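Q: for reference, the sequence and a predicted model appear below.
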Amino acid sequence: MAKLTTDELIEAFKELSLIELSEFVKAFEETFDVTAAAPAAAVVAAAPGAVAPAAEEEKTEFDVILESAGDKKIQVIKEVRALTSLGLKEAKDLVEAAPKAILEGAAKDAAEKAKAQLEGAGATVTLK
């Protein structure tokens, strides 16, 4: 096997997804019988851009929090009803009681889609 240069290794790491990189770190730990601190430090030094998104990607469930309804309260109520199984009165009460959670434990894609829909209706929304 040909020896790879540091630059070649960095380029190879850039092409890996975060999951593949995580699997590599685990295999590295097992092969060389080292702790996670040493390989993680080497990965941070080798590819700092690849590690930053890892903290965001680890979270898989998000809460969609309605901060305020804005000027178009009726549109926001309609979007809340579309995103949940609430009736008109329950959705209206939820919107008026802002800040309140609209969705809890939602997948990242669903949470971002819900946020976009609510913001499109004029609401102020945060993901937690």
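A: Sure thing, it's come through. Numbers count the residues shown, from 1 in each chain.
Q: now for the closest residue to residue 98 other than its chain neighbours: which residues touch it?
A: Excluding the flanking residues, the one nearest residue 98 by Cβ to Cβ, 6 or more residues apart in numbering is residue 66, at 4.8 Å. C-beta coordinates here come from the backbone N, C-alpha and C atoms, glycine included. For residue 66, the contacting residues are 76, 80, 94-95, 98-102, 118, 123-125, by Cβ atoms under 8 Å, 6 or more residues apart in numbering.
Q: try it again with 10 Å
A: Counting by Cβ atoms under 10 Å, 6 or more residues apart in numbering, residue 66 makes contact with 76, 79-80, 94-95, 97-103, 114-115, 118, 123-126.
Q: host element of residue 80?
A: helix 73-83 (DSSP states H and E).
Q: ok, longest helix in the protein?
A: Using DSSP state H, we find that the single longest helix of the chain is helix 18-32.
Q: buried ones in that helix?
A: Buried residues in helix 18-32, counting neighbours by 16 or more other Cβ atoms under 10 Å, are found at 21, 25.
Q: in what helix or strand does the residue nearest to residue 98 lie?
A: Going by DSSP H and E, residue 66 is in strand 61-68.
Q: returning to that earlier point: how near is the residue nearest to residue 98 to residue 18?
A: Note on residue 66: its distance to residue 18, by Cβ to Cβ, to the nearest Å, is 30 Å.
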